[in-house]
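1. Below is the sequence, then the predicted model.
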2 protein chains.
Amino acid sequence: MANEVQSLDEIDQAILEALAGNARISLKELAQQVGLSSPSAAERLRRLEERGVVKAFTIDLDPAAVGYPLQAIVRVRPLPGQLHMVERIIQDIPEIVECDKVTGEDCFIARLVVRSMAELDGLLDKVAERAETNTAMIKASPVKRRLPPLSRRK
Amino acid sequence: MANEVQSLDEIDQAILEALAGNARISLKELAQQVGLSSPSAAERLRRLEERGVVKAFTIDLDPAAVGYPLQAIVRVRPLPGQLHMVERIIQDIPEIVECDKVTGEDCFIARLVVRSMAELDGLLDKVAERAETNTAMIKASPVKRRLPPLSRRK
DNA sequence: CAGATTTCCCTCATATTATTAGGCGATATC
DNA sequence: GATATCGCCTAATAATATGAGGGAAATCTG
């Protein structure tokens, strides 16, 4: 897709920041905040989506509020020859809510939400024969997901 | 806040899944998808927000499209006595777009977006005297952020 | 350079959606 | 049983979104 670096002007940036703060903002309000008319703001937004800058509008869900009081970050190192199988297993465990493939010894870093340590054990058992894992429980989140700086791009 | 486990019925679940797929869905469409009238769907949504189940509506931004072709996951181990200072520094580096405090040797796991390896070096230098770091570059994302299972909660 | 084209913006009319008001049925409580 | 609460509905009203048409500035072309 459009992964090329796109030129964002100040209005684009203001749009992104407004949306990051409330993705359900009305077009009217968005237009006001960025200093355009509603149809122009709508067109700008459409273009940001079309260009793949905005990949999706989504929600920030509180795992604890839906029954998952514990979160863990698990590093996964597949045993020789098991890389693809491990990746498949990771994708098929729905409690794994995010996973990146990374350089280094650990091939995957996954974020899990679980109801209990026992459940965590159960999930890790699913890859136990095919990978080594290293688990860290999340205690707090000093930086919640936020936008990076959008200006000063070259 | 309302971090207590809340009862989600099937309609709540359907609402959350619809919103996770498109947070800007119209109330009319949302109501249709979950089988309620628009005012009822709106009230349900309001309650999910009020209860803190939905913490925010936000966007999924493509870092590469805004100038950040590289992403890294950095584990940070503060040196003795430096924990709070390191946390402050992490919060103050805007390219760190997410950071969790975790159990274990590494105290923080941070997600960074950068334009280049040189920039990554520069950022890591900011904590170099106060912490040890271990960096892994993200190669792919086999599981993009998704909702956990919302049913079968006890 | 002049003219044509493109891009981005606007206003206004029309269409669509959101909100509000009022009411109903089911369930819980006294 | 009577009353209150909750969650749902429809319809009216208010607000917003979209489409149509047009203008100004920038860019392109001969």
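-> Structure's in. What do you need? Numbers count the residues shown, from 1 in each chain, chains lettered A, B, ... in the order given.

2. mind giving me the domain ranges of chain A?
-> With automatic domain parsing as the criterion, the domains of chain A are listed as A:10-50, A:63-137.

3. got these as CSV, with distance to chain B, mean neighbour count and mean pLDDT columns?
-> (Each C-beta comes from the backbone N, C-alpha and C, glycine too.) Converted to CSV, these look like this (distance: least, Cβ to the nearest Cβ, whole Å; neighbours: other Cβ atoms under 10 Å in any protein chain shown; pLDDT from 0 to 100):
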stretch, distance to chain B, mean neighbour count, mean pLDDT
domain A:10-50, 4, 17, 96
domain A:63-137, 4, 18, 96
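
4. Let me have those domains in JSON lines, adding distance to B:Cys99 as columns.
-> Putting the domains of chain A into JSON lines (distance: least, Cβ to Cβ, whole Å) gives the following:
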{"stretch": "domain A:10-50", "distance to B:Cys99": "17"}
{"stretch": "domain A:63-137", "distance to B:Cys99": "11"}
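
5. Tell me which residues touch the residue of chain A positioned farthest from its centre, please.
-> With distances taken as Cα atoms, centre = their mean, the residue sitting farthest from the centre of chain A turns out to be A:Ser37, at 31.3 Å. Taking Cβ atoms under 8 Å, 6 or more residues apart in numbering or on different chains as the criterion, A:Ser37 is in contact with A:Ala31.

6. Next, give phi and psi for it.
-> Main-chain dihedrals, A:Ser37, degrees, to the nearest 10: phi -80, psi 160.

7. The domains of chain A into JSON lines, with extra columns for distance to DNA strand D?
-> Converted to JSON lines, those look like this (distance: least, Cβ to the nearest atom of the strand, whole Å):
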{"stretch": "domain A:10-50", "distance to DNA strand D": "3"}
{"stretch": "domain A:63-137", "distance to DNA strand D": "16"}
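
8. For B:Ser26, find the nearest of those.
-> Closest approach to B:Ser26 among those (Cβ to Cβ): domain A:10-50, 10.0 Å.

9. quick one: that closest one near DNA strand C?
-> Yes. With Cβ under 7 Å from any atom of the strand as the threshold, domain A:10-50 lies in contact with DNA strand C, specifically through A:11, A:35-40, A:43-44.

10. could you dump these to a markdown table with secondary structure?
-> Output for the residues of domain A:10-50 next to DNA strand C, formatted as a markdown table (DSSP: H, G, I helix; E, B strand; the rest coil):
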| residue | secondary structure |
| --- | --- |
| A:Ile11 | helix |
| A:Gly35 | coil |
| A:Leu36 | coil |
| A:Ser37 | coil |
| A:Ser38 | helix |
| A:Pro39 | helix |
| A:Ser40 | helix |
| A:Glu43 | helix |
| A:Arg44 | helix |
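
11. so what does the top strand by length along chain A touch, helix or strand wise?
-> In chain A, taking DSSP state E as the definition, the longest strand is strand A:131-143. The helices and strands touching strand A:131-143, judged by 3 or more Cβ pairs under 8 Å, 6 or more residues apart in numbering or on different chains; DSSP states H and E, are strand A:70-78, helix A:117-125, helix B:83-92, strand B:96-102, strand B:108-114.

12. Quick one: residues in contact with the fourth one.
-> Among residues not part of strand B:96-102, those counted as contacts by Cβ under 8 Å, 6+ apart are A:71, A:73, A:136-148, B:63, B:87, B:90-91, B:107-113, B:123.
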